[in-house]
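In: sharing a model that was predicted from the sequence below.
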Amino acid sequence: MKYFLIGIFVTFLSACSNSVDFSRPANERIVLGQTKLSDMAGLIYHEPISTSTQYINGKQIFVLEYAHVGPNNESDSKAPGVIPIRSLHVYLYNDIVVGTSFFSSFEKDSTKFNPEQAKKIEIDISTQEDVIRLFGAPNLQYLEEMGINGQKVIGYRYKTTHFRAAGGNGYTENLKLTFLVNRNKTVTRIKLNVRKM
């Protein structure tokens, strides 16, 4: 399984190596529920590295993926062997954006966060505003079409890759923290995934 996952990531890096760098549009430029597929060319001036279709909550969701891999000296940690990645997924339903997911381990726009802070958020008490006050503007947002039980999702993602010297195994660090938010903007669920593979 480990070698299978490594193979997937090598394929991802190969695709990114041919990509052109891009800047993440400001949150207010991609408006969930309003921005259209035809608007994306004016927000990111490059073609996505891939497109795909997923079925989420019984709905056919069209996905655009933009990604870029850079040199070690542009990483947020500057540690030897770290390969910075910038990635944006845009999810569309009936040609309307219903979700976005962004992460970066580049120094200039790193999305690294402290998952321990999630302990300060209380289910059925804390609000969406409390989450944003603690973590900043979310870099992952899904409308109800991609949420659970008619609730939307906000969250935070971070991913980077560490390569080691010949003979050693590298690994990918992946953090994902999501909050399910109801129509009253109250947090009803918290989910944290921390993986190194």
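Out: All right, it came through fine. Residues are numbered from 1 along each chain as shown.

In: show me where this structure has its strands.
Out: If DSSP state E is used as the criterion, the strands of the chain fall at 50-56, 59-69, 82-83, 85-93, 96-104, 140-142, 152-162, 171-181, 187-196.

In: any idea which of those strands scores lowest on pLDDT?
Out: Note on these: lowest mean pLDDT is at strand 82-83, with a mean of 84.

In: now do the contacts for residue 92.
Out: Neighbouring residues of residue 92 by C-beta atoms under 8 Å, 6 or more residues apart in numbering: 37, 61, 62, 63, 64, 98. Yep, even glycine has a C-beta here, placed from its N, CA and C like the rest.

In: contacts for stretch 32-44?
Out: Stretch 32-44 is touched from outside by 22, 25, 29-30, 62, 64, 66, 88, 90, 92, 95-100, 141, 143, with contacts defined as C-beta under 8 Å, 6+ apart.

In: what subset of these is buried?
Out: The neighbour count (16 or more other C-beta atoms under 10 Å) marks 22, 25, 30, 62, 64, 66, 88, 90, 92, 96-100, 141, 143 as buried among the contacts of stretch 32-44.

In: between these, which sits nearest residue 49?
Out: Using C-beta to C-beta, residue 66 is the member of those that sits closest to residue 49, with 6.5 Å.

In: how about the closest one, nearest residue that isn't a chain neighbour?
Out: residue 88 (4.5 Å; C-beta to C-beta, 6 or more residues apart in numbering).

In: correct me, but the one you found touches residue 65?
Out: Yes - counting by C-beta atoms under 8 Å, residue 65 is a contact partner of residue 88 at 7.4 Å.
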